[in-house]
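**Q** can you look at this prediction? I've put the sequence above it.
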Amino acid sequence: MKKSKLITSCVLGLFMGTALLTGCGSSSSKAPSTEKKEILLKAADNQPEDYPTTMALKEMARLLSDRTQGRIKMQVYAGGQLGGEKESIEMTQMGTIAINRVSTAPLVSFVPKMGVFSMPFLFRDSDHFWKVLDGAVGKDLLKSLETNNLVGLGYYDSGARSFYTKGKAINTAEDAKGQKIRVQQSKIFVDLINSLGASATPMGYGEVYSGLQTGIIDGAENNPPSFWTTKHYEVCKFYSLDEHAMVPEAIIMSKKVWDTLSPEDQKIVAQAAADSVGYEKKLWTEFTEKSLKELEAKGVIISKPDKESFRKAVAPMYEKYPEYKEVIAQIQAVK
Ligand code: GTR
């Protein structure tokens, strides 16, 4: 193949995101059919380059390349370059994005079962969270993605979500009343925040900063690394660690792309994803501590409110979603 043609096909492959790049690198069109195909996987994350989830995807890319002598490559597009979270999930279903790191909260519109992870105060602590994700429930929910053209490769840590606000700290459920709070594009989150008497406003992650600035919203909720890296602290000076939800991040893959891989390559991809999890968890703990320190240094007033009033106010959520009753009982039974 001529060099110019080779480059075109590589670039096209990159654009398609899903392409199996026969014809790139060492393979050639005359290669015997037994020769393994070169593969380029396009991966997305809406967090910035140095964020734990993005770093972990890059680690996964490194493992893939190392373990296949560069035959399987994964290109990570950070910072939401490939689109908002919800659209990026659609693109993953279509195969335009091969691998995507998303919050399980917006996944609820695609795979309703995933919504259970957005229920408030579901996990007792981080230990319980990981036992559930690594156990039968976590595995079953990853598997359920397959009904929707996705393959679940694993979970990453995302800590706990808490409120940050412009005008008035939310230290009790009562404080949330009347405040316009941005939420992810998830019906469960809308219900959760409304059940506190606040007014939930769903919007994309990338729009929150200007929403806060212009006053469309009074606050939002997220984990310390997100509050820090989005610079929302420039507008919001109150952060109250009520930790109302621990929503895992998921590494998802396009089933369309997955089905083009040989069983052997599927194993390599699944293993690289699994091996990147420990790395993410370690970075997560460090980055969370760093974020809290940086937020304080920027003058954010961080409080640790008593969680009881929040728990009480959101309790009706558990009646509202009877479809999760069984799985919630299974989660609670995990010791
Ligand atoms: C973060 C998550 C992002 C995005 C964001 C949000 O914690 O890592 O993928 O879901 O929350 O609130 O939109």
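**A** In hand now; what should we look at?
**Q** in the stretch 151-300 of the chain, which residue sits closest to the ligand?
**A** When distances are taken as CB to the nearest ligand atom, the stretch 151-300 of the chain approaches the ligand most closely through Tyr205, which lies 3.4 Å from it. For glycine as for every other residue, the C-beta is placed from the backbone atoms N, C-alpha and C.
**Q** now do the stretch 1-150 of the chain
**A** Counting by CB to the nearest ligand atom, the stretch 1-150 of the chain gets nearest the ligand through Ser103, at 3.4 Å.
**Q** that residue and Glu249, how far apart?
**A** Counting by CB to CB, to the nearest Å, the gap from Ser103 to Glu249 is 6 Å.
**Q** looking at these two, which is more packed in?
**A** For Ser103 versus Glu249, the count of surrounding residues by other CB atoms under 10 Å is larger for Ser103: 27 against 23.
**Q** wait, the more buried one touches Val247, no?
**A** Yes: taking CB atoms under 8 Å as the contact criterion, Ser103 and Val247 are neighbours in contact, 5.7 Å apart.
**Q** what touches both of the two?
**A** Overlap between the neighbourhoods of Ser103 and Val247 consists of Ser158, taking contacts as CB atoms under 8 Å, 6 or more residues apart in numbering.
**Q** circling back to that earlier point, residues in contact with the residue of the stretch 1-150 of the chain closest to the ligand?
**A** The neighbourhood of Ser103, defined by CB under 8 Å, 6+ apart, consists of Glu85, Ser158, Gln184, Val247, Pro248, Glu249, Ala250.
**Q** taking these one by one, which sit in helices?
**A** When DSSP state H defines the helices, the subset of those inside them is Glu85.
**Q** which of the contacts of Ser103 come close to the ligand?
**A** Counting by CB under 6 Å from any ligand atom, Glu85, Ser158, Gln184, Glu249 from the contacts of Ser103 sit close to the ligand.
**Q** now the third one, nearest residue through space, not along the chain?
**A** Same thing as Gln184. Excluding the flanking residues, the one nearest Gln184 by CB to CB, 6 or more residues apart in numbering is Ala105, at 4.4 Å.
**Q** burial check on that neighbour, number of neighbours?
**A** For Ala105, the count of nearby residues is 25 (other CB under 10 Å).
**Q** Pro202: how many residues sit nearby?
**A** Neighbour count for Pro202, taken as other CB under 10 Å: 15.
**Q** quick check: bridge partners of it?
**A** The residues listed as beta-bridge partners of Pro202 by DSSP bridges are Val183.
**Q** contact partners for Val235?
**A** Contacts for Val235 (CB under 8 Å, 6+ apart) come out as Lys166, Tyr209, Leu212, Gln213.
**Q** for this protein, which residues are neighbours of the ligand?
**A** When proximity is defined by CB under 6 Å from any ligand atom, the chain lies next to the ligand at Asn46, Gln47, Glu85, Val102, Ser103, Ser158, Gln184, Tyr205, Asn222, Asn223, Ser226, Glu249.
**Q** distance check, the residue nearest to the last one when sequence neighbours are not counted against Thr229.
**A** Pointing back at Glu249 there. Residue nearest to Glu249 in three dimensions, not counting chain neighbours: Tyr156, with 4.0 Å by CB to CB, 6+ apart. Tyr156 is 15 Å from Thr229, where distance means CB to CB.
**Q** more neighbours: the two, which one.
**A** More neighbours sit around Tyr156 than around the other of Tyr156 and Thr229, counting by other CB under 10 Å; the figures are 24 against 19.
**Q** for that one, what are its contacts?
**A** If you count contacts by CB under 8 Å, 6+ apart, Tyr156 has them with Pro52, Thr53, Ala56, Arg101, Pro248, Glu249, Ala250, Ile251, Val277, Glu280, Lys281, Trp284.
**Q** okay, now the second one: neighbour count?
**A** The one in question is Thr53. That count, for Thr53 with other CB under 10 Å as the rule, works out to 26.
**Q** what residues of the longest helix along the chain count as buried?
**A** Counting by DSSP H, the longest helix found in the chain is helix 263-297. By neighbour count with 16 or more other CB atoms under 10 Å, helix 263-297 contains the buried residues 265, 268-270, 272-273, 275-277, 279-281, 283-284, 287-288, 291-292, 294-295.
**Q** tell me the helices and strands packed up against it.
**A** With contacts defined as 3 or more CB pairs under 8 Å, 6 or more residues apart in numbering; DSSP states H and E, helix 263-297 has these neighbours: helix 52-67, strand 72-77, strand 150-156, helix 224-229, strand 249-254, strand 301-303.
**Q** reformat those as a markdown table; add distance to Ser126 and mean pLDDT.
**A** Formatted as a markdown table, those follow (distance: least, CB to CB, whole Å; pLDDT from 0 to 100):
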| stretch | distance to Ser126 | mean pLDDT |
| --- | --- | --- |
| helix 52-67 | 14 | 99 |
| strand 72-77 | 26 | 98 |
| strand 150-156 | 12 | 98 |
| helix 224-229 | 14 | 99 |
| strand 249-254 | 14 | 99 |
| strand 301-303 | 19 | 98 |
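**Q** need the ones you listed in CSV (columns: distance to Leu133).
**A** As requested, these are exported to CSV (distance: least, CB to CB, whole Å):
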stretch, distance to Leu133
helix 52-67, 15
strand 72-77, 22
strand 150-156, 5
helix 224-229, 18
strand 249-254, 10
strand 301-303, 27
